[in-house]
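K.L.:
Sharing a sequence plus its predicted fold:
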Amino acid sequence: MARFFFDLVDNGTSYPDTEGTDLPTLASAEDEAARALLEIAKDQMPNGTFRQVALQVHAGTTASLFVVKATFELIRNEPYPDQQVGA
């Protein structure tokens with residue numbers, strides 16, 4: 001087992017993982033990071049029109065082993081009034 005740390009970066013603000021998680025392989029750490037990022041994406045939609053979240057995964061050093069990143073962006077094709085679409 002190895003200990004992996006999943007540091008969250010949310011729109012440039014870092015939230016370090018100070019505890020880490022014991023996992024058997026690097027591949028299992030990749031799976032865990034992807035699942036965790038999907039949960040963050042599902043539960044916390046962006047406030048505004050842009051948000052980028054990432055998990056920087058390392059083994060207790062300053063060097064990242066890998067990064068999993070998601071970008072949320074609201075792109076309006078044309079202005080629309082504050083009324084229900086189709087009304």
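P.N.:
Now that the structure is in, tell me what you want to look at. Predicted, not measured: the structure shown is a model, and the values here were computed from it.
K.L.:
give the contact list for the residue lying closest to L74 once chain neighbours are set aside.
P.N.:
Distances taken as Cβ to Cβ, 6 or more residues apart in numbering put T49 closest to L74, at 4.3 Å, once the chain neighbours are dropped. To be clear about C-beta, it is placed using only N, CA and C from the backbone, and glycine gets the same treatment. By Cβ atoms under 8 Å, 6 or more residues apart in numbering, T49 lies in contact with E73, L74, I75.
K.L.:
pLDDT for those - can I get that in TSV?
P.N.:
As requested, these are exported to TSV (pLDDT from 0 to 100):
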residue	pLDDT
E73	80
L74	77
I75	77
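K.L.:
Please check those residues and keep the buried ones.
P.N.:
Buried members of the contacts of T49, counted by 16 or more other Cβ atoms under 10 Å: none.
K.L.:
Now render those as TSV, adding secondary structure.
P.N.:
Output for those, formatted as TSV (DSSP: H, G, I helix; E, B strand; the rest coil):
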residue	secondary structure
E73	strand
L74	coil
I75	coil
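K.L.:
for these, which one is nearest S28?
P.N.:
When these are compared for distance to S28 (Cβ to Cβ), E73 wins out at 30.4 Å.
K.L.:
Distance-wise, check the closest one relative to R51.
P.N.:
Distance of E73 to R51, given as Cβ to Cβ, to the nearest Å: 8 Å.
K.L.:
Return, as residue ranges, the portions of the chain with sub-threshold pLDDT.
P.N.:
43-48, 79-87 (pLDDT under 70).
K.L.:
Which stretches in it count as helices?
P.N.:
Along the chain, counting by DSSP state H, helices occupy 26-43.
K.L.:
For L26, give its distance to F50.
P.N.:
31 Å.
K.L.:
Could you do L8 as well?
P.N.:
17 Å.
K.L.:
out of those two, which sits in the more crowded spot?
P.N.:
Each of L8 and F50 has its neighbours counted (other Cβ atoms under 10 Å); L8 has more, 16 against 12.
K.L.:
Strands of this structure, start to end?
P.N.:
2-10, 13-15, 21-23, 50-58, 66-73 (DSSP state E).
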